[in-house]
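*Asks:* The sequence and its predicted three-dimensional model are supplied below.
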There are 2 protein chains.
Amino acid sequence: MRAIVVSVGSELTTGQCTDTNAAWLSAELTRAGAEVIRHVTVADQVEAIRSAFVAARVDAEVVIVTGGLGPTPDDVTRQAAADALGVPLEENAEALRQVEAFFAQWQRPMHTANRVQALIPRGCAVLPNARGTAPGFAWTGGGRRLFALPGVPAEMKAMFVACVLPAIAVESGRPTTHERRLLCFGITEATLGATIADLMARDRNPQVGTTASGAVLTVRIVARGRNPEEAGRLADRDAIAVRDRVGVAVFGEDGETLHSAVAELLKSQGRTVATAESCTGGLLAKRLTDNSGSSAYFLTGYVTYANGAKQGTLGVSSAVLAAHGAVSEEVARAMSVGCRDAARSDFALSVTGIAGPTGGIPPEKPVGLVYIGLAEASGVAVRRFRFGEHLTRGEIRDRACKTALNLLRIALLREREADSGSRLETPPVDDSSPLP
Amino acid sequence: MRAIVVSVGSELTTGQCTDTNAAWLSAELTRAGAEVIRHVTVADQVEAIRSAFVAARVDAEVVIVTGGLGPTPDDVTRQAAADALGVPLEENAEALRQVEAFFAQWQRPMHTANRVQALIPRGCAVLPNARGTAPGFAWTGGGRRLFALPGVPAEMKAMFVACVLPAIAVESGRPTTHERRLLCFGITEATLGATIADLMARDRNPQVGTTASGAVLTVRIVARGRNPEEAGRLADRDAIAVRDRVGVAVFGEDGETLHSAVAELLKSQGRTVATAESCTGGLLAKRLTDNSGSSAYFLTGYVTYANGAKQGTLGVSSAVLAAHGAVSEEVARAMSVGCRDAARSDFALSVTGIAGPTGGIPPEKPVGLVYIGLAEASGVAVRRFRFGEHLTRGEIRDRACKTALNLLRIALLREREADSGSRLETPPVDDSSPLP
């Protein structure tokens, strides 16, 4: 079952609004076993909407259009659908009753303009709108189904769930899909792609693809099966294969973050952390406290932006600062050690670097140079990273925090593996942030 | 000049991601005088992309495609464009040089998979990617222009501004508009609307409207004129009227933030600030260091999440903590005073509250209860706020930070006015966060 989503609205084609309906509908349709082959967005113009309908009806069994069902003159989806179907618009008694009932329910007078919302192309069924004035409508013929839904997301979603899902579910026994998304950090997209190239083969089932966002890579696995169990089994098998090959770079699944993964490890291992930040300015502490209950593992954060603060709060010696500068391995080391002592935490992360856009002194200390220290009972390790000068200040701070969290995550995993007597595979090179 | 935006990516057609590129591009194209007649989104499939290209080239003078230029096997936009243009894909020396240079710049080995990113349809011009590995490409012929840009928003936007806008700008000379956006905080949308109701009249020029996002209100002024000067003059006149009426609640214009406004005041008045945070967990320090050069005014941040940290680092007495609890006026006061002493700053902001979703003890201490302290040479003031229980943890933390920044902003404005001998009008009630 192929599906096409048509979004109607000049606020979309002029870029005033982002179309979130198409993504929501696509996720729902995919879950229902449909293959969404296209989204089309057109302005509030009869001919543009009509053409989109006609083309969509050729290419897909299910066409869902949202928007353009309101009471104002720029709402022309009704007319465009009638033109596409070659039938006249008619005032529908059931639709009129629904519009009138909506106003009666809220004891408001109905504006005469709302009467046009009861116009429906002849032969279409009315879809009730539980949350607004605009009824939708549905047409069926020649193995094709067309659904017109309101553009307001809450109204659209309620109508889709109430009217569209049951209608397309009659086509069950059809292949269903099961989706899993694995999240990775510390590996390039090219390396990831090469590692799982065979799984990503074109006409394979499951379909496996990768995307990148903010240095986090997502491996998306979409399995088709004759029933949910089969689809789930196939997706799970690929997820295991991806985890086996990609190893510790997989930090979680959809909805998780590096900081939520770290939080879970800290909690389950009963460990605490503190932070000493310079260039990230509090962002690392913020991430570690993003989740409710973070007081269980997060003790203190120091944002030692000024050199005086590094000395006074963390005990970094003025001699070290003078000899090496604030952005140096030595200062990162002293910050993490001083932070762990002051906070009396199990782990302490320190970050010092040049987030830019100003303040870089190439070639020794370019924008994007960041030192990250991790102090624990067994000692302290400092790593040097270069996040590219093509990144913005916000991106460099984001990468520095993610990288710091990832170092802590790997330390916690090592600790867990050591406790269990097994051995963690070597972590992959974090080549979004190479060592020199 | 008609334009069509084609977005490529199975993550879009399956609803895994919302397409924000199409809206951004449409807003830019509209501003450049183009009429965006359609968005089309297709999966990572050669034939689907090819068909979308071919149809778009028939209907519009400018076609912009984003996505599918990466190094993995599911990146097939290059091939689809070549098929649509009826030319072969060729390794382009300039493109290869750019990809190689990107890796060389960061001293990283280039994966062989990245070599496919140098493949370009014959006859196309290479568009350099300042922020990533994927070069774009452009084709011109028969009054049509096709631009292929990467899907990563930051890369796409940089390439659009650098390569596409100049290419389409030749078609200028349209009726002009001038837009200004004033940003407000500490006033409700209803109060704002009532204050400028006459300016917001329907068929007036300029058109004035308001929107709200994250407790920041935007007054958008769009003036039409026969030429840029006239449009600019009309917009400026309304902007002055809005500032006069709304007063100190206007903190800036488009692109500014509460923290950038505070940063400017701190810098121009030669003042410094430090922060002591509990529930906001570092977010306030992060905001104050969001801009380059923040070391001029930001000294130290303390994220005293645990009670022990509040005592040890800020000198909050255990008796006060025991008597009133960590979320109390007394603790907020002690935190801000202790912070100012420890950091030796001119101002110190403290935040302690219940960000939720857990940890609330209604009715005395519900989720959303936040105390904010501001210590300065002349003394310390603490205010109590209730950010609604309908807000998420992230929203409560955001509101608390913005409110703290706004308190500091108003204190800085008062100081400036006192220095200049004039008088600041009474700040409006911050009724997004009423006093009890």
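*Replies:* Good, I have the coordinates.
*Asks:* so how many other residues sit close to residue A:73?
*Replies:* By the criterion of other Cβ atoms under 10 Å in any protein chain shown, residue A:73 has 9 neighbours. Every residue, glycine included, has its C-beta placed from N, CA and C.
*Asks:* For it, give me phi and psi.
*Replies:* Main-chain torsions, residue A:73, degrees, to the nearest 10: phi -60, psi -20.
*Asks:* next one: residue A:357
*Replies:* When read as degrees, to the nearest 10, the backbone of residue A:357 gives phi -70, psi -20.
*Asks:* Which of the three states applies to the closest residue to it other than its chain neighbours?
*Replies:* Excluding the flanking residues, the one nearest residue A:357 by Cβ to Cβ, 6 or more residues apart in numbering or on different chains is residue B:292, at 5.4 Å. Assigned with DSSP: H, G, I helix; E, B strand; the rest coil, residue B:292 falls in the coil class.
*Asks:* which residues touch residue B:292?
*Replies:* Applying Cβ atoms under 8 Å, 6 or more residues apart in numbering or on different chains to residue B:292 gives the contacts A:355-359, A:393.
*Asks:* Now list the buried members of those residues.
*Replies:* With burial judged by 16 or more other Cβ atoms under 10 Å in any protein chain shown, the buried subset of these is A:355-356, A:359, A:393.
*Asks:* Quick check: mean pLDDT of the helix or strand hosting residue A:350?
*Replies:* Per DSSP states H and E: residue A:350 is located in strand A:347-353. Strand A:347-353 carries an average pLDDT of 98.
*Asks:* quick check, that strand touching chain B?
*Replies:* No - Strand A:347-353 is not in contact with chain B by Cβ under 8 Å from any Cβ of the partner chain; minimum separation 11.8 Å.
*Asks:* The longest helix along chain A near chain B at all?
*Replies:* Looking across chain A with DSSP state H, the single longest helix is helix A:393-420. Yes - Helix A:393-420 lies within reach of chain B by Cβ under 8 Å from any Cβ, at A:393-395.
*Asks:* quick one: buried residues of that helix?
*Replies:* By neighbour count with 16+ other Cβ under 10 Å, helix A:393-420 contains the buried residues A:393, A:395-413, A:415.
*Asks:* follow-up on the earlier one: just checking, which of the buried ones among the contacts of residue B:292 belong to helices?
*Replies:* Of the positions in these, residue A:393 sit in helices, assigned by DSSP H.
*Asks:* which two from the buried ones among the contacts of residue B:292 end up farthest apart in space?
*Replies:* Greatest spacing in the buried ones among the contacts of residue B:292, by Cβ to Cβ: A:359 and A:393 (9.8 Å).
*Asks:* Next up, the contacts around the closest residue to residue A:383 other than its chain neighbours.
*Replies:* For residue A:383, ignoring the flanking residues on the chain, the nearest one in space by Cβ to Cβ, 6+ apart is residue A:372 at 5.5 Å. Each residue near residue A:372 by Cβ under 8 Å, 6+ apart is listed here: A:332, A:349-351, A:382-383, A:385, A:400, A:403-404, A:407.
*Asks:* Going along the chain, name the helices of the stretch 101-250 of chain A.
*Replies:* Ranges of helices in the stretch 101-250 of chain A, per DSSP state H, counting those that start in this stretch, are A:153-159, A:165-169, A:189-195, A:228-246.
*Asks:* looking at the ones you listed, which is closest to chain B?
*Replies:* For chain B, the closest of the helices of the stretch 101-250 of chain A is helix A:189-195, at 3.7 Å, according to Cβ to the nearest Cβ.
*Asks:* got a list of contacts for that closest one?
*Replies:* By Cβ under 8 Å, 6+ apart, helix A:189-195 touches A:184, A:187, A:200, A:210, A:212, A:217, A:219, A:245-246, A:249, A:428, A:431, B:70-73, B:111, B:113-114.
*Asks:* Which residues belonging to it are considered buried?
*Replies:* Buried residues in helix A:189-195, counted by 16+ other Cβ under 10 Å: A:189-193, A:195.
*Asks:* Could you dump the residues you listed into JSON lines with pLDDT added?
*Replies:* Output for those, formatted as JSON lines (pLDDT from 0 to 100):
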{"residue": "A:189", "pLDDT": "90"}
{"residue": "A:190", "pLDDT": "90"}
{"residue": "A:191", "pLDDT": "93"}
{"residue": "A:192", "pLDDT": "94"}
{"residue": "A:193", "pLDDT": "93"}
{"residue": "A:195", "pLDDT": "95"}
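*Asks:* Farthest pair within those?
*Replies:* Farthest pair in the buried residues of helix A:189-195 (Cβ to Cβ) is A:189 and A:195. Separation: 10.6 Å.
*Asks:* just to revisit the earlier point, wait, a helix at the residue nearest to residue A:383?
*Replies:* No - looking at residue A:372 with three-state DSSP, it is strand, so not inside a helix.
*Asks:* Using the three-state scheme, assign residue A:380.
*Replies:* strand.
*Asks:* how close does it sit to residue A:417?
*Replies:* Separation of residue A:380 from residue A:417 (Cβ to Cβ, to the nearest Å): 21 Å.
*Asks:* Which strands or helices does the worst-scoring helix or strand of chain A on mean pLDDT pack on?
*Replies:* Taking mean pLDDT, DSSP states H and E as the measure, helix A:165-169 is the helix or strand of chain A with the lowest mean score, a mean of 81. Applying 3 or more Cβ pairs under 8 Å, 6 or more residues apart in numbering or on different chains; DSSP states H and E, we find helix A:165-169 packed against strand A:144-149.
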